[in-house]
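[1] sequence and predicted model, in that order:
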Amino acid sequence: MVPPSLQGLPDTLERKPQGATPSHEPAKFRINRKLLWLLFPATLCLGITRQSLWIDEGFTVWFASHRAFHSFLAVLIGTRGAAGDPQLIFYLLHAWAWIKVFGSSELSLRAANVPFAVLFIGAMGWASRRLFWHPNLWALFCLSPFFWFYLNEARPYAALIAFSSVASVALIAYLVDPGRYGRTAPWYCFAALLLAWGSHILAAFLFPPLTILVAITLIETPNLRSAFWRDWKRPALLCLPAFLALGAFYIWVSAFGVNKTEGKPGLANLAYALYEFTGFAGLGPPRNEIRQSRDLAVFAPYWPWLLPGAIVLSCVVFTFLRAKTPKLVRNLFLSLLLGLATALAISVFEQFQVLGRHLAVFFPLLLMLVMLYPEGSFSPKTLRGASVTLSALGLLWVVSDLRLVFLGKYGKDAYREACSSASARALRDGAAIVWAADPYTARYYGLLVTAANRSSSVDSHGGIDLPVYTRAVDPQGWSRAQAQAFLDSSPVPVILVLSKADPYDQKGTWRSLMKERRPREIARLNAFSIYEWQPK
């Protein structure tokens with residue numbers, strides 16, 4: 001029976017009786033929940049690795065490795081060298097405090113996402129029991145390759161997923177039963193939105209779909225309007241100063257410039273985000289292969305893995321299209337589409353190359369589209385089909401997860417190995433290192449990269465709690481003449497460490513010199529090539 005507070009709310013979800021136990025479920029859905037809960041620690045143990053840090057993670061640890069808090073804040077908000085990352089201030093504060101307690105190893109840096117993983121699965125576990133059509137659907141989130149991949153990255157995307165989940169679940173819980181959740185849901189929603197936005201400025205992408213969802217619901221349900229304003233007005237007014245302060249901070253730090261991958265985003269970006277969200281990242285080509293090729297042919301060798309994934313995903317979509325779609329799900333789908341359109345429009349205006357991780361706040365909303373069907377929407381046959389197809393999707397995701405973790409080609413850029421290989425070779429041959437790659441990640445691995453003919457480096461601000469073992473020259477912005485002069489004048493061998501050519505050899509300087517002078521290749525690693533020139 002629908003409670004009085006929900007009378008007239010269109011086609012909403014059926015509430016489960018309070019205190020329901022597994023005996024209320026149909027026999028075919030009984031699962032040993034104690035065994036099921038082992039999925040979460042298994043996800044943490046397998047998903048968080050000590051792979052080499054890559055570019056963005058190196059920037060995180062450079063900020064977090066400042067010994068003094070005032071030094072950390074100074075580089076965060078007071079210099080142009082910090083452009084971009086002040087826009088994830090809450091996450092960097094978390095990382096700075098975390099490594100002071102747990103250390104700065106790769107494993108520790110990634111384990112800083114554990115609190116966010118607990119929050120994410122806790123929110124989805126609660127929603128599974130109270131809102132979803134089956135109380136164990138939270139397990140599917142544990143298996144998501146998108147969640148696994150960014151759980152294993154020292155960046156704020158796991159935090160965005162977690163806070164987005166809490167905000168979305170709180171709002172939907174309110175819309176489902178405002179009488180029960182009217183006192184708490186607004187506070188949880190606003191607090192999660194604030195933390196998400198403070199963790200990454202792109203969490204602002206979540207505001208439009210949630211606002212649209214509320215607007216559509218209130219238009220369709222006039223008798224909910226007075227209760228909504230009563231329940232949400234006070235939390236909104238009390239939280240508004242915090243949102244205004246954070247917004248003012250972002251406007252201020254943006255004056256220093258913003259670190260972003262420039263480009264012209266389009267529907268291909270949304271297609272790739274959907275590719276990641278649906279768990280294909282471990283079935284198709286690694287992202288470095290996609291980056292280098294930029295051609296659909298790069299997917300062809302992976303068809304034995306992609307084809308089963310496409311079949312399973314098609315079955316999931318077909319199964320749920322057969323069910324009676326409640327208005328809440330349709331409204332959520334519409335709000336998600338409009339939210340994505342808004343995010344894409346902003347990205348086009350800002351010339352920002354948006355990728356799946358930049359849209360992480362939408363990930364929980366997408367999965368909840370198939371979770372929010374009430375049991376009454378399914379015929380017995382469709383209910384069995386939904387169970388089978390989601391189980392198949394979970395198994396497919398397990399395969400994708402394991403490939404992401406255990407196949408080296410899916411690993412992160414091999415900065416640790418590149419630093420080690422170049423340093424060892426330089427020590428053996430008495431060579432100079434030219435580091436055409438990210439200097440912040442190199443600094444984490446003990447390689448201090450300094451611009452030629454001047455003293456500036458990633459250590460120019462001081463107070464970095466990281467050792468230095470080797471030094472290298474930064475060739476950023478060199479012309480062909482400068483690079484050639486450096487090679488000709490060097491009395492010792494020169495080791496070139498070249499990472500992704502598009503950001504680190506934009507002028508084609510080193511590629512042309514390698515064709516002309518043909519240095520000896522001494523190593524080829526994930527996202528790296530290392531060469532050695534002998535002196536003339």
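    That came through, no problem. Everything numeric in this text was worked out from a predicted model, so none of it was measured.
[2] show me what the helix or strand residue 443 falls within is in contact with.
    Using DSSP states H and E, residue 443 sits within helix 439-444. With contacts defined as Cβ atoms under 8 Å, 6 or more residues apart in numbering, helix 439-444 is touched by 53-55, 57-59, 61-62, 65, 104, 413, 415, 419, 435, 448-449, 457-459, 464, 466, 472, 474. Heads up, the C-betas are built off the backbone N, CA and C, glycines and all.
[3] same question for stretch 363-377.
    By Cβ under 8 Å, 6+ apart, stretch 363-377 touches 12-14, 120, 124, 127-128, 131-133, 137, 140-141, 144, 146-147, 161, 164-165, 168-169, 172, 209, 277, 316, 320, 323-326, 328-329, 332-333, 336, 339, 383, 386, 390.
[4] repeat that with 6 Å
    13-14, 132-133, 137, 146, 161, 164-165, 168, 277, 320, 323-324, 329, 333, 336 (Cβ atoms under 6 Å, 6 or more residues apart in numbering).
[5] and the residue most central in space within the chain, what does it touch?
    Centroid-nearest residue in the chain: residue 157, 3.3 Å away (criterion: Cα atoms, centre = their mean). Residues near residue 157 by Cβ under 6 Å, 6+ apart: 150, 357, 360.
[6] among these, which one has the most neighbours?
    For these, counting by other Cβ atoms under 10 Å, the largest number of neighbours falls to residue 360: 30 neighbours.
[7] if I look at the closest residue to the residue nearest to the centre of the chain other than its chain neighbours, how far off is residue 321?
    Spatial nearest neighbour of residue 157, excluding adjacent residues (Cβ to Cβ, 6 or more residues apart in numbering): residue 150 at 3.9 Å. Here residue 150 is placed at a distance of 29 Å from residue 321 (Cβ to Cβ, to the nearest Å).
[8] what's the answer for residue 520, then?
    59 Å.
[9] so for the residue nearest to residue 157, what's the pLDDT?
    You'll see residue 150 listed with a pLDDT of 95.
[10] give the rounded mean pLDDT of the host helix or strand of residue 230.
    Per DSSP H and E: residue 230 is located in helix 225-254. Averaged across helix 225-254, pLDDT comes to 93.
[11] in the very next helix or strand once past it, what's buried?
    Using DSSP H and E, the helix or strand that follows helix 225-254 in sequence is helix 267-277. Buried residues in helix 267-277, counted by 16 or more other Cβ atoms under 10 Å: 269-270, 272-277.
[12] check stretch 296-312 too.
    298-299, 302, 305-306, 309, 312.
[13] closest to residue 184 out of the buried residues of helix 267-277?
    Proximity of the buried residues of helix 267-277 to residue 184 (Cβ to Cβ) peaks at residue 277, which lies at 28.9 Å.
[14] compute the distance between the closest one and residue 372, please.
    The gap separating residue 277 from residue 372 is 17 Å, by Cβ to Cβ.
[15] again with residue 239
    From residue 239 to residue 372 the distance is 26 Å (Cβ to Cβ).
[16] between those two, who's got more neighbours?
    A side-by-side neighbour count of residue 239 and residue 372, using other Cβ under 10 Å, places residue 372 first with 22 against 17.
[17] residues touching residue 48, list them.
    110-111, 152.
[18] let me see the domain layout of this structure.
    With domains defined by automatic domain parsing, the chain comprises 4-48+113-410, 415-533.
[19] distance to residue 96 added to those domains, as JSON lines?
    Shown next, in JSON lines, are the domains of the chain (distance: least, Cβ to Cβ, whole Å):
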{"stretch": "domain 4-48+113-410", "distance to residue 96": "12"}
{"stretch": "domain 415-533", "distance to residue 96": "11"}
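[20] before we move on, the earlier item: from residue 117, how far out is the residue nearest to residue 157?
    From residue 150 across to residue 117, the span is 10 Å (Cβ to Cβ).
[21] just residue 426 next, same as before
    On the measure of Cβ to Cβ, residue 426 and residue 117 end up 40 Å apart.
[22] do residue 58 as well
    As judged by Cβ to Cβ, residue 58 and residue 117 stand 22 Å apart.
[23] same deal with residue 98?
    For residue 98, the distance to residue 117 equals 14 Å [Cβ to Cβ].
[24] so where's the stretch 1-150 of the chain shaky on pLDDT?
    Applying pLDDT under 70 to the stretch 1-150 of the chain flags residues 1-35, 78-84.
[25] do that again at 80, thanks
    Along the stretch 1-150 of the chain, segments meeting pLDDT under 80 span 1-38, 76-85.
[26] returning to that earlier point: filter the contacts of stretch 363-377 to the buried ones?
    Using 16+ other Cβ under 10 Å as the burial test, those include 13, 132-133, 137, 146, 161, 164-165, 168, 277, 320, 323, 329, 336 as buried.
[27] more neighbours: residue 520 and residue 321, which one.
    Set residue 520 next to residue 321 and count neighbours by other Cβ under 10 Å: residue 520 wins out with 11 against 8.
[28] excluding chain neighbours, what is closest to that one?
    The shortest distance from residue 520 to any non-neighbouring residue, by Cβ to Cβ, 6+ apart, is to residue 532 (5.1 Å).
[29] what are the pairing partners of the helix or strand harbouring that neighbour, and which direction each?
    Using DSSP H and E, residue 532 sits within strand 528-533. Sheet pairing here is set by DSSP bridges, and for strand 528-533 it gives strand 494-498 (antiparallel), strand 520-525 (antiparallel).
[30] starting at the chain centroid, how far to the longest one?
    What it means is strand 520-525. Remark: strand 520-525 is offset 31 Å from the chain centroid, using Cα atoms, centre = their mean, to the nearest Å.
[31] for that strand, C-alpha coordinates in CSV please.
    This file holds the C-alpha atoms of strand 520-525, laid out as CSV (Å, rounded to 0.1, in the frame of the first residue of the first chain):
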residue,chain,number,x,y,z
ARG,A,520,70.2,2.5,-30.3
GLU,A,521,66.9,1.5,-28.7
ILE,A,522,67.6,0.1,-25.2
ALA,A,523,64.1,-0.4,-23.9
ARG,A,524,60.5,-0.4,-24.9
LEU,A,525,57.9,-0.2,-22.1
